[in-house]
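> need the 3D shape of this:
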Amino acid sequence: MVAPAFEQYLVKFPKEEVIFKEGDLGTDMYIIQSGTVAVDKKIGDTSRRLAVFGKGDFFGEMSLLEHLPRTATVTALEDCEVVRIDGSTFDAMIRSNTEIAVRMLRKFSVRLREMDKKIEALLLDHADEKQPMVYEAHEVAQPTTEPTPSGAVLAILRNEETNKEYSVSKHETLIGRADPVTGITPDVDLSEEESARSVSRRHARLISKDGKFYLAEEVGALNGTYVNGKRIRPGVLTAVSGDDRLLLGMVPLHFVLPGT
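This next block holds a predicted model:
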């Protein structure tokens with residue numbers, strides 16, 4: 001039985017219904033309450049089953065945390081009940097109960113160990129065949145995080161107070177401040193925009209898909225993200241269009257499309 005606090009998030013999927021497809025945009029994760037689901041990924045011209053999840057398992061967390069398109073297709077193998085959690089709800093859960101984060105990390109650890117075993121078995125199989133393993137680039141490429149083939153500018157973020165402009169040429173762009181500890185620098189680095197450090201290291205992501213743009217605040221970001229004066233919910237995709245006014249922390253940015 002699902003906890004009363006999560007009853008409002010309970011969703012039912014009948015047998016053989018596709019919950020989401022590989023490549024879909026999404027910022028929700030799911031926790032299985034009953035039934036089982038299959039996780040399938042297209043590799044080349046074939047679809048391969050990666051896993052089958054049952055009660056207590058969760059899936060879809062990668063899109064929630066990273067705002068990237070779904071990396072696999074998930075289908076109900078039987079009638080299922082799942083709790084659907086968006087980024088805003090997940091953010092509140094983590095802040096109020098750190099044990100949730102610990103449990104997720106433990107589950108991630110189990111999945112990584114299982115993946116290590118599969119990779120080891122695959123390597124041994126190839127070693128027995130005495131054939132070199134060949135990896136095709138298109139199987140591991142992530143076009144959503146790479147610049148467009150032509151290097152064209154998709155959009156511009158302009159701070160009209162400081163006259164600074166930031167060109168967006170990726171389909172998925174991280175906005176924030178540079179982290180001197182890890183050496184990680186976001187695609188749009190606002191470190192020099194203000195001294196109050198109101199912008200988080202990983203503050204928001206700007207996503208382009210099918211000619212449309214979406215802004216999503218990173219889970220755990222502080223001081224808020226606003227579109228045209230309205231605060232957006234953490235981890236939830238919010239549509240943005242040309243001439244919109246954004247505010248990340250205390251940094252105002254004008255969202256401009258090329259040629260306008």
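> after the helix or strand bottoming out on mean pLDDT in the chain, next one along is what?
None of the helices or strands of the chain scores lower by mean pLDDT, DSSP states H and E than helix 137-140, at a mean of 33. Using DSSP states H and E, the next helix or strand after helix 137-140 towards the C-terminus is strand 155-159.
> what is the helix or strand following that next one packed up against?
For strand 155-159, the following helix or strand on the C-terminal side (DSSP H and E) is strand 164-168. When contacts are defined as 3 or more CB pairs under 8 Å, 6 or more residues apart in numbering; DSSP states H and E, strand 164-168 sits against strand 155-159. The way it works is simple: take the backbone N, C-alpha and C, and place the C-beta from them, glycine included.
> partner strands of the strand it packs on and their direction?
Next to strand 155-159 in the sheet, as set by DSSP bridges, lie strand 164-168 (antiparallel), strand 251-256 (antiparallel).
> so where's the stretch 101-250 of the chain uncertain?
For the stretch 101-250 of the chain, the stretches flagged by pLDDT under 70 are 115-116, 118-151, 181-182.
> what segments of it are strands?
155-159, 164-168, 172-176, 188-189, 202-209, 212-217, 225-227, 230-231, 238-240, 245-248 (DSSP state E, counting those that start in this stretch).
> give me whichever of these is most buried.
Across the strands of the stretch 101-250 of the chain, averaging neighbours per residue (mean count of other CB atoms under 10 Å) puts strand 172-176 on top, at a mean of 23.
> quick one: contacts of that one?
With CB atoms under 8 Å, 6 or more residues apart in numbering as the test, strand 172-176 has contacts from 67-68, 144-145, 157, 186-190, 199-208, 218, 248.
> let's see that with 6 Å instead.
Residues from elsewhere that reach strand 172-176 (CB atoms under 6 Å, 6 or more residues apart in numbering): 144-145, 186-188, 200-207.
> each with direction, which strands does that strand pair with?
Applying DSSP bridges, strand 172-176 is found paired with strand 188-189 (parallel), strand 202-209 (antiparallel).
> residue contacts, residue 82?
11, 30, 32.
> swap in 7 Å and give it another go.
11, 13, 30-33 (CB atoms under 7 Å, 6 or more residues apart in numbering).
> that one bridge partners, please.
When bridges are called by DSSP bridges, residue 82 pairs up with residue 11, residue 32.
> ditto for residue 256
residue 156.
> repeat for residue 238
Per DSSP bridges, the residues bridged to residue 238 are residue 215.
> and it, how far is that from residue 88?
Applying CB to CB, to the nearest Å, the value for residue 238 to residue 88 is 11 Å.
> try residue 23
When residue 23 is compared with residue 88 (using CB to CB), they lie 24 Å apart.
> the helices in the stretch 51-200 of the chain, which residues?
61-66, 87-96, 98-129, 137-140 (DSSP state H, counting those that start in this stretch).
> moving C-terminal of the helix or strand hosting residue 29, what's the next helix or strand?
In this structure, residue 29 sits in strand 28-34 according to DSSP H and E. Under the assignment DSSP H and E, the closest C-terminal helix or strand after strand 28-34 is strand 37-43.
> can you show me the CA trace of that next one as CSV?
Taking C-alpha atoms only, strand 37-43 is exported to CSV below (Å, rounded to 0.1, in the frame of the first residue of the first chain):
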residue,chain,number,x,y,z
VAL,A,37,8.1,-3.1,-16.1
ALA,A,38,10.6,-3.8,-18.9
VAL,A,39,13.5,-1.4,-19.8
ASP,A,40,14.5,-1.7,-23.5
LYS,A,41,17.0,0.2,-25.5
LYS,A,42,17.5,0.4,-29.2
ILE,A,43,21.0,-0.5,-30.3
